[in-house]
Structures are given as C-alpha cells and as structure tokens.
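**Q** Sequence first, then the predicted structure, then my questions.
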Amino acid sequence: MNPVLVSASVLSADFLHLEEDVRKVIASGVDGLHLDVMDGHYVPNLSFGAPLVKALAKISTVPLDAHFMVTNPLEYVDLCRQCGVETMTIHPEVVYHFHSALSQIRQAGMKAGVALTPSTLPSVLEYVRDLVDFVIVMSVNPGFSGQKFIESAPAKIAAVRQMLGERVRIGVDGGVNPQTSLLCRQAGADFMIAATAIFGQEDYAQAIRSLRG
C-alpha cells in the first residue's frame, strides 16, 4: 500500500504574502503543492493562471500537481512541461478526445491525472486505465474551497481503487480534515489535498500530520 501523502492547495494561501506562505508550508513537511487553475467558465470562479504557475515552480522544492478546472486544459501542456509540473490533472468533461488528451500529457513527460466531480462516474476511467497515473475524487463541487464534504465520496474512492488497483494514487479534494481524511483513507485514498485544513491553521506541521493519520 502506498504511504499517505498530503498536498497543500495554494488556493487558500495568503496571496498578499504568497511566497512566504508557500515556503512555510513546504518547510512544515507537505509532500506537494496543488495548483487549482480556474477560468470562470468551467467552474464559477477565477483563480490564477500561467504567471502564478511559473512563479510557484521557481520556488517549490516539492512536486507540483496542476489541476485545470478550465475549458481548454490542453493549451497548458507546454507550460506545465516547461515548469516541471509533475502531474497535470484534467476533467474528462472538457476534452473532446479523452484518450488522446491523457496521451498528450504523458508524452510531455508528466503524469496524467483525472479529476472526478461528484457527479462523474468512475466508469469514465474504464477504457483509459492504462493512461491514468493519478485520480482526484472531488468531495465537493469544483470551484470554491471551504465547502462541506460530500458523504458519497468514500464509496467512489473504493470503486476507483477496485477498478485501478494499487498502481495509481487516489487523491481526495474538498472538505478534507482529520475526520474526513480517515474515512477516505479507509476507503482506499492515499493522497490528501487540503486547503483551509492546512492554511487555515496556526501550526502547519501539526495540521499536515493530522491529515496523514
């Protein structure tokens, strides 16, 4: 079984002191940085784009997972490759040819991640399973941090784990805290993506430890 990893979602960092906050969370022992790129079209929120991804890539000493909640994710493949992004995560609903899109990400030298919204069935992975390196089960509807955890998420995690086995990592994004993290780990998740559960706490190191269980 893979060890449980914790990634900090930069969306909840202090943007007035972003570099300081990011360096602090890395020093506190986080395993990766999760970059939520939103365009205000696929999701009803606008976060940040290429300039911030480039800036964070320059200072990060941990892997970057760029999660594209946008209508045109493949336009960012070259950017992510140039920035050394480890995992590029996309939503199957926004690409015309899902198999080709995952292949393009892998051919660029990155791991291919797939994000499943609460209403997206795990069966979308069935015929691309050999191209999937990482799955994010979203336990909130995409667009905003701080939402309530959707209780059906652990069942979906278990279904994805049964389908894909231990080869892929399964992350959980949305409403992650020490209690929901335990439920997700028990269902088969091995990667916790947390925003306010880390950046909203005074002691980042303790918050990270509490999510590992």
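**A** Right, received. Where do you want to start? These numbers were taken from a predicted model, which means no experiment stands behind them.
**Q** Can you list the buried residues in the longest helix along the chain?
**A** When secondary structure is assigned using DSSP state H, the longest helix within the chain turns out to be helix 153-164. Of the residues in helix 153-164, those scored as buried under the neighbour-count criterion (16 or more other C-beta atoms under 10 Å) are Ala153, Pro154, Lys156, Ile157, Ala158, Ala159, Val160, Arg161, Leu164. Yep, even glycine has a C-beta here, placed from its N, CA and C like the rest.
**Q** How about residues contacting it?
**A** Residues lying outside helix 153-164 but in contact with it, judged by C-beta atoms under 8 Å, 6 or more residues apart in numbering, are 116, 118, 122, 125-126, 129, 132, 135, 137-139, 170, 172, 174, 183-184, 186-189.
**Q** Any of the residues you listed buried? List them.
**A** Among the contacts of helix 153-164, the ones that count as buried by 16+ other C-beta under 10 Å are 116, 122, 125, 132, 135, 137-139, 170, 172, 174, 183-184, 187-189.
**Q** List the ones among those that fall in helices.
**A** When the buried ones among the contacts of helix 153-164 are checked against helices using DSSP H, the ones located there are Leu183, Cys184, Ala187.
**Q** and those as JSON lines, adding distance to Pro44 and pLDDT?
**A** Putting those into JSON lines (distance: C-beta to C-beta, whole Å; pLDDT from 0 to 100) gives the following:
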{"residue": "Leu183", "distance to Pro44": "27", "pLDDT": "96"}
{"residue": "Cys184", "distance to Pro44": "25", "pLDDT": "96"}
{"residue": "Ala187", "distance to Pro44": "28", "pLDDT": "97"}
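**Q** from those, which is closest to Ala207?
**A** Of all these, the one sitting nearest Ala207 is Cys184; the distance, using C-beta to C-beta, is 16.1 Å.
**Q** Quick check: closest non-adjacent residue to the closest one.
**A** On the basis of C-beta to C-beta, 6 or more residues apart in numbering, the spatially nearest residue to Cys184 that is not a chain neighbour turns out to be Val172, at 4.5 Å.
**Q** Can you read off the pLDDT for that neighbour?
**A** As summarised for this prediction, Val172 has a pLDDT of 97.
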